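> Predicted coordinates and the sequence they were generated for:
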There are 2 protein chains.
Amino acid sequence: MKSTYQPTKNTWSKVLQRPSQSITDLESIVQPIFETIAQEGDRAVTKYGKQFDKLNLNNFQVSKSEFENASTQVSDALKEAIQFASNNIRIFHEKQNFISERIETSEGVICWQERFGIENVGLYIPGGSAPLFSTVLMLGIPAILAGCKNIFLCSPPNKDGTIHPAILYTAKLIGLKNVYKIGGIQAIAAMSIGTETIAKADKIFGPGNQFVTAAKQYAQKLGTAIDMPAGPSELLIVADQSAKPSYIASDLLSQAEHGPDSQVILISKSRELIKLVEAELNSQLIQLPRADIAGLAIENSNLIYLEEEEDIIEMVNEYAPEHLILMVQDESNYLKKIYNAGSVFIGQYSPESAGDYASGTNHTLPTSGFAKSYSGLNVDAFCKYISYQKISAEGLKNLGPVIEIMAEAEGLMGHKNAVSIRLKDLKNNP
Amino acid sequence: MKSTYQPTKNTWSKVLQRPSQSITDLESIVQPIFETIAQEGDRAVTKYGKQFDKLNLNNFQVSKSEFENASTQVSDALKEAIQFASNNIRIFHEKQNFISERIETSEGVICWQERFGIENVGLYIPGGSAPLFSTVLMLGIPAILAGCKNIFLCSPPNKDGTIHPAILYTAKLIGLKNVYKIGGIQAIAAMSIGTETIAKADKIFGPGNQFVTAAKQYAQKLGTAIDMPAGPSELLIVADQSAKPSYIASDLLSQAEHGPDSQVILISKSRELIKLVEAELNSQLIQLPRADIAGLAIENSNLIYLEEEEDIIEMVNEYAPEHLILMVQDESNYLKKIYNAGSVFIGQYSPESAGDYASGTNHTLPTSGFAKSYSGLNVDAFCKYISYQKISAEGLKNLGPVIEIMAEAEGLMGHKNAVSIRLKDLKNNP
């Protein structure tokens, strides 16, 4: 664990440096899989399942009885927790509606926008040791609220050919019917291209390992939209002496346990707090089952002392953290001035894990500084807008001469003529 | 000009096929330019300006006197037209505001979102024969309304080292101060990486040729967001016997003159209308200054007869046109059911060129079927959202057990512990 005291601004970019990403170019692995699936469809999906997951599945679709069976394998306590979280996430996201308003930009010229759910959306849920059923909620609920017509989900099966029951229970709970037992590159390729079984997605959402990430990038190159660029998870905490060191340490460790490339940062204007957090980190770390992973992430991380609140704010905006916790006596100045972050947690009782699971906000957030230009997932990520204009004869009489002059100045006489031909008619038949 | 009568659905994808794009991989040209600019900054920008534009500019920034000089070179009529259009675009876009609402998802758990303008945005305006000052309005006005702090614009200079006066006049009119005389790959690279003169953009917007498009794709790969994937412009018209064939032909030609790879389509349930439009096209085409370009685009295009309104709607949704004109007696059924389009023009007096210049809607729209997943530019394209949660002690008592159960089921004990440590305190000190 590094500590850095009052770094000068010209060193900030170094102090805030994120763990370097392995930049292996995986396109050479991804491309042939896409090409084979484009040619052979389902047959190729089965082939890659055999090759990568050692499973021979000819039918990828999760059946009704598999859904029902899954439900019996989830404890009532977990079911209730998932329902509670699902409810909060729905309440928060369903307020993200859009009210269309007709605007008369000039007399006789009415313009407006409407929002539509993207028709075909593909969701990806990673497999492995941790079954990310919480991500099913975070992707599925906004997709349903957006009104997407065709929502389907791919997740890699376990060695026995099943998907974790909590994932299936959650999918069924929120109303997702099409779940496929496909993982990795072949899942992204199948959703991007479409096969006999799987519809072609207009947009693909969800986390994954470096192969999934590379496949999503390749899908984007081929024209399938994706949610956002992926990177390791990160947390920045700003805390003052009002904060409990043990809470800070527990939050830093909750982020650190995600992976050795996770990054956690504390910024404080209290030297004393930094010392206390360091001690707490050491004592809490050893108690975690994933202490080895968290320990590696903690090594990459930094406890930073800065004297001035304005400098702290500037540093947060420069780093643009995925998660930001503000454990300070008065957060108002920070809230007013911080404009680069994914999701913000305010106060002693707002740990990051609240947002990861159940507060209601989305946990799919921009990492690696992408909070400078991207939002976390929300209902709008599953929608697109169409603009409309309806111009009356009177409206075109007002607008027409303007269009004629501008089109001519841009050298586009066809554009001008489309107006002139109408204006001439209106002049002759007023 | 092709005509197709009542094609069966299994042939639609062929009937609607877009002109094939040259898929030359330009990354090998783009990459070294990015790398050199990353190393040498402004010096490399000058070097590439010399190499590609035959100009030796050490100072790229447009000066105050250049802005003033430009203003004297634009006719009063054009100035007034630009002001009128600018006003309509502002009126339409400034309604795209966001009202934040605090939502209590469960007792003591308050969640909300706020919208922020992206801090650094780079705009690109192509040069060449047609000075696209209208695009300065379409990119600049929403950027300013979004509250982006640092907006800068690159455009390639003419052979005499100046930028077209209409572009400079428009930039100054709407309040853009930082305009740089840089074009092509080096402009995108400079904005993506940042140099001594040019700030690093968080997101880059604007049209361009294949080199600019390839550079934007490369910038995206390096982590700079871009507005949307680019492709040739296109127009689909749905018309019935209430429509004037001469208007339809003028609209099809206004789109066709953009480039030989533009695509224009008419769908109608009137065989007679199709014949009349064909005749009008031939007679109007020869009168256009850009008849050679428009003629090539018209060759790629199709006049399609379909008997049933529902089939027409389905075909529009399958094609997902950038521009859609509805010249029909009653548009209500179409408006209700068409969900894939960029911008829609309704009625006899709403030519596409109205939206290109002055109705108020944005003319930067998704092409190549991307209207299935992307919106045209709006104020939100220049913004990102942050989510917030503030949880009281009472709130965490409600939410905490849910988080504990879910985190444990996902195998993330650090996440659980961040809650448990707080709940324990609250139990001991209620």
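Cool, the structure landed.

> Tell me where the model's unsure across the stretch 101-250 of chain A.
Along the stretch 101-250 of chain A, segments meeting pLDDT under 70 span A:129.

> make it 90
For the stretch 101-250 of chain A, applying pLDDT under 90 flags the ranges A:127-130, A:159-160, A:209-210, A:221, A:230-231.

> Would you mind naming what in it lies close to chain B?
Residues of the stretch 101-250 of chain A lying close to chain B (CB under 8 Å from any CB of the partner chain) are A:101, A:103, A:105-106, A:109, A:111, A:113, A:116-120, A:129-134, A:166, A:202-203, A:217, A:221, A:223-225, A:229, A:244, A:246-247, A:250. Placement of C-beta: from N, CA and C, glycine included.

> list the contacts for A:Tyr349?
Contacts for A:Tyr349 (CB atoms under 8 Å, 6 or more residues apart in numbering or on different chains) come out as B:Ile391, B:Ser392, B:Ala393, B:Gly395, B:Leu396, B:Arg422.

> nope, A:Phe205 is what I meant
A:Val121, A:Gly122, A:Leu123, A:Tyr124, A:Leu139, A:Ala143, A:Ile226, A:Asp227, A:Thr364, A:Leu377, A:Ala381, A:Phe382.

> Distance of the spatially most central residue of chain A relative to chain B?
The centroid of chain A falls nearest to A:Thr364 when counting by CA atoms, centre = their mean (3.4 Å). Per CB to the nearest CB, to the nearest Å, A:Thr364 is found 11 Å from chain B.

> ok, now A:Lys79?
When CB to the nearest CB is applied, the distance between A:Lys79 and chain B equals 10 Å.

> One more: A:Ala146?
Separation of A:Ala146 from chain B (CB to the nearest CB): 12 Å.

> wouldn't that residue be in contact with A:Gly117 here?
Yes - A:Ala146 is within contact range of A:Gly117, at 3.9 Å (criterion: CB atoms under 8 Å).

> Compare the two and say which one has the larger neighbour count.
Legend: neighbour count by other CB atoms under 10 Å in any protein chain shown for A:Ala146 and A:Gly117, higher for A:Ala146 (23 against 20).

> Tell me which residues touch the more buried one, please.
The contact partners of A:Ala146, taken as CB under 8 Å, 6+ apart, are A:Gly117, A:Ile118, A:Val379, A:Asp380, A:Phe382, A:Cys383.

> Let me see the backbone angles for the second one.
Reported as degrees, to the nearest 10, the phi and psi values for A:Ile118 are phi -70, psi 130.

> So which bits of the helix ranked longest in chain A are buried?
Criterion DSSP state H: the longest helix present in chain A is helix A:76-94. For helix A:76-94, a neighbour-count test (16 or more other CB atoms under 10 Å in any protein chain shown) marks A:78-79, A:81-82, A:84-86, A:88-93 as buried.

> same for chain A: which of the contacts of A:Tyr349 are within range?
Within the set of those, contact with chain A (CB under 8 Å from any CB) is found for B:Ile391, B:Ser392, B:Ala393, B:Gly395, B:Leu396, B:Arg422.

> What does the third one show for phi and psi?
Here the main-chain torsion angles of B:Ala393 (degrees, to the nearest 10) amount to phi -60, psi -40.

> Surely it and B:Asn429 touch.
No - in this structure, B:Ala393 is not within contact of B:Asn429 by CB under 8 Å, at 9.6 Å.

> Pull the number of nearby residues for A:Met413.
Neighbours of A:Met413 (other CB under 10 Å): 21.

> Backbone dihedrals for it, both of them.
The phi/psi pair for A:Met413 (degrees, to the nearest 10) is phi -70, psi -30.

> Repeat that for A:Ser106.
Main-chain torsions, A:Ser106, degrees, to the nearest 10: phi -140, psi 170.

> ok, now A:Glu104?
When read as degrees, to the nearest 10, the backbone of A:Glu104 gives phi -90, psi 100.

> what sits opposite it in the beta ladder?
According to DSSP bridges, the partner residues bridging A:Glu104 are A:Ile110.

> residues contacting A:Tyr334?
Contact analysis of A:Tyr334 by CB under 8 Å, 6+ apart lists A:Val238, A:Glu309, A:Ile312, A:Ile313, A:Val316, A:Leu326, A:Val328.

> at 7 Å what do you get?
Shown in contact with A:Tyr334 (CB atoms under 7 Å, 6 or more residues apart in numbering or on different chains): A:Val238, A:Ile313, A:Leu326, A:Val328.

> Could you provide those residues in CSV, with additional columns for secondary structure?
Listed next are those as CSV, based on DSSP: H, G, I helix; E, B strand; the rest coil:
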residue, secondary structure
A:Val238, strand
A:Ile313, helix
A:Leu326, strand
A:Val328, coil
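
> Where do the domain boundaries of chain A fall?
For chain A, automatic domain parsing gives the domain ranges A:2-20+A:231-360, A:23-100+A:116-227, A:392-428.

> residues contacting the closest residue to A:Ser392 other than its chain neighbours?
Nearest non-adjacent residue to A:Ser392, counting by CB to CB, 6 or more residues apart in numbering or on different chains: A:Gly108, 4.0 Å away. Taking CB under 7 Å, 6+ apart, we find A:Gly108 in contact with A:Ile391, A:Ser392, A:Glu394, A:Gly395, A:Asn398.
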